[in-house]
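In: Output the structure for:
(chains A and B)
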Amino acid sequence: DAGITQSPRYKITETGRQVTLMCHQTWSHSYMFWYRQDLGHGLRLIYYSAAADITDKGEVPDGYVVSRSKTENFPLTLESATRSQTSVYFCASLRGLEQFFGPGTRLTVL
Amino acid sequence: AQRVTQPEKLLSVFKGAPVELKCNYSYSGSPELFWYVQYSRQRLQLLLRHISRESIKGFTADLNKGETSFHLKKPFAQEEDSAMYYCALQETSGSRLTFGEGTQLTVNP
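Out: Residues are numbered from 1 along each chain as shown, chains lettered A, B, ... in the order given. Got it, this is the predicted structure:
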């Protein structure tokens, strides 16, 4: 049972580049989420999705784009990376009232 | 809009001492409240939820609607309890979680 996976686990990129973070789940959960984790801010919701082809903004969506063509995948794209987007990104899916988290992607924007 | 506040960013106790991690929330409706934990090099995972009224790994949390608090308590801390703890609120009819800033708990030997 692989559960929920994220790739890459670590990424270094430069300002202005496009970056896509991948998230895959094997459970067929309807809801999926993207968070960023920053010191002093905890986890903040970037985007979420209730089902394939249904996405909605969270608390901090600016500079990010998501898509969900298949239930199991929920990629997050930074269209033009900025230094302020240096963070740890977590993907999660929902079963009942419990969210299950991926291992995270540590992104550094130089 | 809902808000979750964890006033202590860092908390350090000795093994065997009681520990309390504070969480306060603001929400106009009747919230669902959770504690999530992230151990070193592990994924964030659910520790407990208020509706279950359960004790997990010796931890309990009571929802106090009058004080809008959901503090996490353990009578005797263990070294393996060292981790980052997040309090989270879910809207009554929603799926989104609002997290607090987190409290890094260190239990010293």
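In: Skipping its backbone neighbours, what lies nearest A:Tyr10 in space?
Out: Excluding its sequence neighbours, the residue lying closest to A:Tyr10 (Cβ to Cβ, 6 or more residues apart in numbering or on different chains) is A:Arg106, at 5.1 Å. Where you see a C-beta, it was placed from the backbone N, CA and C, and this is true even at glycine.
In: Name the strands paired with the one helix or strand the one you found maps to and say parallel or antiparallel.
Out: A:Arg106 belongs to strand A:105-109 when elements are defined using DSSP states H and E. Using DSSP bridges, strand A:105-109 pairs in its sheet with strand A:10-13 (parallel), strand A:87-95 (antiparallel).
In: Turn those into TSV, columns for mean pLDDT and mean neighbour count.
Out: Formatted as TSV, the strands paired with strand A:105-109 follow (pLDDT from 0 to 100; neighbours: other Cβ atoms under 10 Å in any protein chain shown):
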stretch	mean pLDDT	mean neighbour count
strand A:10-13	97	14
strand A:87-95	95	21
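In: Any chance of JSON lines for these, columns distance to B:Asn64?
Out: Formatted as JSON lines, these follow (distance: least, Cβ to Cβ, whole Å):
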{"stretch": "strand A:10-13", "distance to B:Asn64": "41"}
{"stretch": "strand A:87-95", "distance to B:Asn64": "26"}
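In: okay, now A:Ile46: neighbour count?
Out: 23 (other Cβ atoms under 10 Å in any protein chain shown).
In: Please identify the buried residues of the host helix or strand of it?
Out: According to DSSP H and E, A:Ile46 maps onto strand A:42-51. Neighbour-count burial for strand A:42-51 flags A:42-49 (criterion: 16 or more other Cβ atoms under 10 Å in any protein chain shown).
In: List the buried residues of the worst-scoring helix or strand of chain B on mean pLDDT.
Out: Lowest by mean pLDDT, DSSP states H and E among the helices and strands of chain B is strand B:60-64, with a mean of 90. Across strand B:60-64, burial judged by 16+ other Cβ under 10 Å covers B:61, B:63.
In: And for stretch A:94-110?
Out: Neighbour-count burial for stretch A:94-110 [16+ other Cβ under 10 Å]: A:94, A:99-105, A:107, A:109.
In: Cool, thanks, talk later.
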